[in-house]
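[1] quick check, what structure comes out for this input:
(chains A, B, C and D)
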Number of protein chains: 2
Amino acid sequence: MEQKNICPRFEKALKILNHRWNTLLIYQLLEGPQRYSTIKNQLGISSRVLTERLKELESEHIVARTVIPSTPVVIEYELTEKGHALAPVLKAIEQWSSVWVNTEE
Amino acid sequence: MEQKNICPRFEKALKILNHRWNTLLIYQLLEGPQRYSTIKNQLGISSRVLTERLKELESEHIVARTVIPSTPVVIEYELTEKGHALAPVLKAIEQWSSVWVNTEE
DNA sequence: AAACTAAGTTACGAAATGTAAGTTAAAAAC
DNA sequence: GTTTTTAACTTACATTTCGTAACTTAGTTT
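    Numbers count the residues shown, from 1 in each chain, chains lettered A, B, ... in the order given. Purely as a prediction, here's the structure:
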């Protein structure tokens, strides 16, 4: 009875993007490379989940992790080319929200 | 320490779209008006959550609900104009996934 | 030696989600 | 006229995910 007529690539994309925090995290990183603590403070996400999501996005090659051997050590996260390619998606959401979403009511 | 420089409209849009199942549900309804049971079978979502999400999208005026007084009664769900306006977002995700996502690995 | 800092990790309670069975109302079958 | 059927939910409960706060690690400065 169940039909699977949805493209598996699209389904996987949705799985990643719909995972709580991921889209906002990518949006945040569109502004440029950022440190763990910066992202955490900007988004108001818990460290437990932030670490989890960064690992997920890293394993999907959407985010890259760089160790800066200062003291104490600093980690920088940035979008890969694959990650930057999501900009049009975020732009489309921004566009839609500017036309159709109002914060009242 | 926490900065909120994110547009509240955009933030609300993300809150709706990132809620599990919502994007897939909207994608499904882009194909046209559909009954509760059809959506349920196509997406493989539980009835508990489907009902909850449909009510949420209805209250956001993204989905409209129509009662067809047949026997037994049939309910049809369809996208509103606001809902249809999300098509470019879904198209952007589709486009990205076709270029960057591979199901292997 | 003690304190500090960034980036995590851990334990645990709270919230969201999935599962499966039950409800409702009307009419068709028996 | 009682039982069955059907679509769209609803409910109770188990499982999974998430948030909170405290803790860990390693290399400096104090």
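[2] which residue is nearest the centroid of chain A?
    Nearest to the geometric centre of chain A sits residue A:26, at 2.7 Å (CA atoms, centre = their mean).
[3] tell me the confidence at the residue in chain A that DNA strand D sits nearest to?
    When scored by CB to the nearest atom of the strand, chain A has residue A:46 as its residue closest to DNA strand D, at 2.8 Å. To be clear about C-beta, it is placed using only N, CA and C from the backbone, and glycine gets the same treatment. For residue A:46, the pLDDT comes out at 94.
[4] what's around it, how many residues?
    By the criterion of other CB atoms under 10 Å in any protein chain shown, residue A:46 has 11 neighbours.
[5] tell me which parts of chain A are close to DNA strand C?
    By the rule CB under 7 Å from any atom of the strand, the part of chain A lying against DNA strand C is A:35-38, A:47-48, A:51, A:54, A:65, A:72-76.
[6] keep only those of those residues that are in helices.
    A:36-38, A:47-48, A:51, A:54 (DSSP state H).
[7] separation between residue A:104 and residue A:19?
    29 Å (CB to CB, to the nearest Å).
[8] who has more neighbours out of those two?
    residue A:19 (16 against 3).
[9] in this structure the more buried one contacts residue A:55, no?
    No - between residue A:19 and residue A:55 there is no contact under CB atoms under 8 Å: 11.9 Å.
[10] if we can go back for a sec, ok, and the most crowded of the residues of chain A next to DNA strand C?
    Neighbour counts for those peak at residue A:54, which has 21 neighbours (criterion: other CB under 10 Å).
[11] give the contact list for that residue.
    Going by CB atoms under 8 Å, 6 or more residues apart in numbering or on different chains, residue A:54 touches A:25, A:36, A:63, A:65, A:77.
[12] now do the same contact list for the fourth one.
    So that's residue A:65. Per CB under 8 Å, 6+ apart, neighbours of residue A:65: A:54, A:58, A:75-77.
[13] again, 10 Å this time
    Neighbouring residues of residue A:65 by CB atoms under 10 Å, 6 or more residues apart in numbering or on different chains: A:36, A:54-55, A:57-58, A:75-78.
[14] do the second one as well
    The neighbours of residue A:36, taking CB under 10 Å, 6+ apart as the test, are A:47, A:50-51, A:54, A:65, A:74-77.
[15] over to the first one?
    With CB under 10 Å, 6+ apart as the criterion, the residues that contact residue A:25 are A:19, A:34, A:39, A:42-43, A:45, A:49-50, A:53-54, A:56-57, A:62-63, A:77, A:79, A:83.
[16] secondary structure element for it?
    helix A:22-29 (DSSP states H and E).
[17] that helix near DNA strand D at all?
    No - using CB under 7 Å from any atom of the strand, helix A:22-29 never reaches DNA strand D; the gap is at least 9.2 Å.
[18] report the backbone C-alpha coordinates of that helix in PDB.
    Written as PDB, here are the backbone C-alpha positions of helix A:22-29 (Å, rounded to 0.1, in the frame of the first residue of the first chain):
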ATOM      1  CA  ASN A  22      20.900  21.900  10.700                       C
ATOM      2  CA  THR A  23      19.400  24.500   8.500                       C
ATOM      3  CA  LEU A  24      20.000  27.300  11.000                       C
ATOM      4  CA  LEU A  25      23.500  26.000  11.500                       C
ATOM      5  CA  ILE A  26      24.200  26.100   7.800                       C
ATOM      6  CA  TYR A  27      22.700  29.600   7.600                       C
ATOM      7  CA  GLN A  28      24.900  30.800  10.400                       C
ATOM      8  CA  LEU A  29      28.000  29.400   8.600                       C
END
